[in-house]
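Enquirer: Just the structure for this:
(2 chains)
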2 protein chains.
Amino acid sequence: MRTAAVVGTGLIGTSVALALSRRGVHVHLLDTDESAARTAAALGAGVVGRPSQPVDIAVLAVPPGLVGRTLAAEQAQGLARSYTDVASVKAEPERDVLKRIADPDCYIGGHPMAGRERSGPLAACATLFEGRSWVLTPSAVTSRETLNRALEVVALAGGVPVLMESDSHDRAVALVSHTPHVVASLMAARLQHSPDEASQLAGQGLRDVTRIAGGDPRLWGDILEANADAVANVLGELAEDLSAMVAALRRLAGEDQLERSLGLTQVTELLDRGRLGRERIPGKNGATLRCTPVRVLIGDQPGELARLLADAAELAVNVEDMTIDHAPGGVSGLVELMVSPSSALPTVQRLWERGWQVQRIPGLPCERLPERPALSGSTAG
Amino acid sequence: MRTAAVVGTGLIGTSVALALSRRGVHVHLLDTDESAARTAAALGAGVVGRPSQPVDIAVLAVPPGLVGRTLAAEQAQGLARSYTDVASVKAEPERDVLKRIADPDCYIGGHPMAGRERSGPLAACATLFEGRSWVLTPSAVTSRETLNRALEVVALAGGVPVLMESDSHDRAVALVSHTPHVVASLMAARLQHSPDEASQLAGQGLRDVTRIAGGDPRLWGDILEANADAVANVLGELAEDLSAMVAALRRLAGEDQLERSLGLTQVTELLDRGRLGRERIPGKNGATLRCTPVRVLIGDQPGELARLLADAAELAVNVEDMTIDHAPGGVSGLVELMVSPSSALPTVQRLWERGWQVQRIPGLPCERLPERPALSGSTAG
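Expert: Here you go, the predicted structure:
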């Protein structure tokens, strides 16, 4: 690939252009707002304006509803040999393209799974797609040349290509991205008029469940609009489980022993389905999440966390994930290091020997470890 | 306080006993299963058996349904001058105590907000309560002496006391602890029969929303049983918002422009309520969560994370929170350091100068930073 075009120099379009330019591709930048294209060019994303002859591939970074008509217009002007887009839904743009243009084998849908909290070319970054899944959705007529050109774009941007059908993609993102966002928002909305003393008892669980509810409601409104039916379907199924759960809890709250026992069975079964569903989420390197938590109390000074992780690294522990739970009003924090089950016990013992206040020990109570002379600068009991 | 008793030497009871013993209190350990009491004693939690005269305070670490009758039985034998418990609900035990005993001014409800994934004395830990909220629920008749003895227990265990009425406590934990657990489970249950390709697209958002769904369904069934009505009430309110959301999404998916516009307004309003609710959760030191994310790509070797945090510490950056998002199948990870808004930009610039692959820059595009000679061992684009 030697030449490309990016149509629409917002955050995603400019980031694609930066990534391709950095790898030596000659990129043409087009935007209905020419100042946006000029800004992208000033950042090093390419040159403003149309090519004199067709480029290898054009990336259409426009809203989902504009993909079909933009493609038709650009193809009529001979912009590129192949076309892809970056819209967050794929079925509707594909249908639109197949309806509008005569030779749709030059089109393949695309969706880089990269977050974006800010918008516009100034927020763009050449490394935005590194290590991220980038879905490609070939239609029944997409040519092999077009597929390969799109795969090269993904590779040059450092993304991980995932091939799917457009309908499957939309159902998948409804399930793993759009619905979780709505669920987090619905939970967080319950806190809006809660008493202060209630939120004082909030722990890491509530923080995790509601974290993504902090996203921009307008941006997420647009995202949900483009995939509204698929999200409504998942939420509808969830609503059925929810009313079953409420009914089971009401049984459980009653006086009748038989009803209570029935309620408990139903509640436990619903929770167990959640546990099984949770296990299907791949963790690092595609493995399912099976880590053991090692919990350490640290002080609030800058550097405590770094010192802990430096010690863990010296012990050759590979920390798979980590959470920090700060005590309300307190000076200490509880760090949970997720490590492989086999390294949990040695990790705990060695951190303890180095003076860390390790809180819980899988398979071994911390009280049975030898006493340490002094605690590590954190809140001593 | 010089003497105490712990009735029920499971995880919480033994942890309380360990914390008090460590601070010089003479603790008597009682359990209907005497081997559990002996195990706790062997760990250094105290001595097995009844005191010869009343202790200052007895901590009843028994299931919620047994608090009233245990208190009545122990008071008849003159175990202690004051009594508290550690059950995760407070209204029902309080009602039971007021009904059963003649002079209930000696009782104050308690609930240490400490996690427990394992059970039994062997999992106990003297530091389990450090920096954690410990709710105390004085009844209308609780004496000042009893309140002060309970406050001393909390202080000796390193907890942060929070005074509430028992009913308020139960509604509060339904909202901030029990309902989030159910919501996480309901979301995770949607993944149970999802296609593999869908979970391949899972990102950090889904992981966060569903993390606590991995908890033990039986243990959580018991927790929900004790607070079933309050949880059902919150879930019922959530169900109303959920059906409004589904209806709004169906409007948004239709053809009629006016209906679509109405649907979008409703969806955005519901999301906005979530954003406002989210802001009510206190962060570190009671401040609301207003941090700026600084995102850094790191390699997968042990020590990369520690090296990053050591650099951040050297730059005197206090990392408030942190998440790690590992790329599916990839070797790199995306670390998000949450820092105060004012220190975000200097942090990014200095980490960049030290060779870290900083991904996104609030207020300044990373492309405009000076080029670095080499990248820091992680996946170079």
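Enquirer: Show me the helices in the stretch 101-250 of chain A, by range?
Expert: A:144-156, A:166-173, A:179-189, A:196-200, A:204-210, A:217-226, A:228-253 (DSSP state H, counting those that start in this stretch).
Enquirer: What are the buried residues along the last one?
Expert: Along helix A:228-253, these residues count as buried under the neighbour rule (16 or more other C-beta atoms under 10 Å in any protein chain shown): A:228, A:230-235, A:238-239, A:241-242, A:245-246, A:248-253. All C-beta atoms are positioned from the backbone trio N, CA, C, and that covers glycine.
Enquirer: again with the first one
Expert: For helix A:144-156, the buried set under the neighbour-count rule, 16+ other C-beta under 10 Å, comprises A:146, A:147, A:149, A:150, A:151, A:152, A:153, A:154, A:156.
Enquirer: now swap in the shortest one and tell me
Expert: By neighbour count, and taking 16+ other C-beta under 10 Å as the criterion, the buried residues in helix A:196-200 are A:197, A:198, A:199, A:200.
Enquirer: residues in contact with residue A:267?
Expert: Residue A:267 sits next to A:245, A:248, A:249, A:252, B:221, B:224, B:225 when contact means C-beta atoms under 8 Å, 6 or more residues apart in numbering or on different chains.
Enquirer: What strand or helix carries the closest residue to the fourth one other than its chain neighbours?
Expert: Nearest in space to residue A:252, with sequence neighbours left out and distances taken as C-beta to C-beta, 6 or more residues apart in numbering or on different chains, is residue A:263 at 3.5 Å. Using DSSP states H and E, residue A:263 maps to helix A:257-278.
Enquirer: tilt between that helix and helix B:228-253?
Expert: Between the axes of helix A:257-278 and helix B:228-253, defined by axes from the mean of the first three to the mean of the last three C-alpha atoms, to 10 degrees, the angle is 50 degrees.
Enquirer: Pull helix A:257-278 out as PDB, backbone CA atoms only.
Expert: The C-alpha coordinates for helix A:257-278 follow below in PDB (Å, rounded to 0.1, in the frame of the first residue of the first chain):
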ATOM      1  CA  GLN A 257     -41.200 -21.200  54.500                       C
ATOM      2  CA  LEU A 258     -41.800 -23.100  51.300                       C
ATOM      3  CA  GLU A 259     -42.100 -19.900  49.300                       C
ATOM      4  CA  ARG A 260     -38.900 -18.600  50.900                       C
ATOM      5  CA  SER A 261     -37.000 -21.700  50.000                       C
ATOM      6  CA  LEU A 262     -38.300 -21.500  46.400                       C
ATOM      7  CA  GLY A 263     -37.300 -17.800  46.300                       C
ATOM      8  CA  LEU A 264     -33.800 -18.600  47.500                       C
ATOM      9  CA  THR A 265     -33.400 -21.300  44.900                       C
ATOM     10  CA  GLN A 266     -34.400 -18.900  42.100                       C
ATOM     11  CA  VAL A 267     -32.200 -16.100  43.300                       C
ATOM     12  CA  THR A 268     -29.200 -18.400  43.600                       C
ATOM     13  CA  GLU A 269     -29.800 -19.800  40.100                       C
ATOM     14  CA  LEU A 270     -30.000 -16.300  38.600                       C
ATOM     15  CA  LEU A 271     -26.700 -15.400  40.300                       C
ATOM     16  CA  ASP A 272     -25.100 -18.600  39.100                       C
ATOM     17  CA  ARG A 273     -26.000 -17.800  35.500                       C
ATOM     18  CA  GLY A 274     -24.200 -14.500  36.000                       C
ATOM     19  CA  ARG A 275     -21.100 -16.300  37.300                       C
ATOM     20  CA  LEU A 276     -21.100 -18.600  34.300                       C
ATOM     21  CA  GLY A 277     -21.600 -15.700  31.900                       C
ATOM     22  CA  ARG A 278     -18.800 -13.800  33.600                       C
END
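Enquirer: Name the strands paired with the helix or strand following it and say parallel or antiparallel.
Expert: Downstream of helix A:257-278, the first helix or strand assigned by DSSP H and E is strand A:292-298. Paired neighbours of strand A:292-298 in the sheet (DSSP bridges): strand A:333-339 (antiparallel), strand A:357-360 (antiparallel).
Enquirer: so how far is the first one from its chain's centroid?
Expert: The one in question is strand A:333-339. Relative to its chain's centre, strand A:333-339 lies at 22 Å (C-alpha atoms, centre = their mean, to the nearest Å).
Enquirer: can I get the CA coordinates of that strand in CSV?
Expert: The C-alpha atoms that make up strand A:333-339 are tabulated as CSV, following Å, rounded to 0.1, in the frame of the first residue of the first chain:
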residue,chain,number,x,y,z
GLY,A,333,-5.6,2.2,50.3
LEU,A,334,-6.2,-1.4,49.6
VAL,A,335,-4.5,-2.7,46.5
GLU,A,336,-5.7,-5.9,44.9
LEU,A,337,-3.1,-7.6,42.8
MET,A,338,-4.5,-10.3,40.5
VAL,A,339,-1.9,-13.0,40.0
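Enquirer: What residues sit buried inside that strand?
Expert: With burial defined by 16+ other C-beta under 10 Å, the residues of strand A:333-339 counted as buried are A:333, A:334, A:335, A:336, A:337, A:338, A:339.
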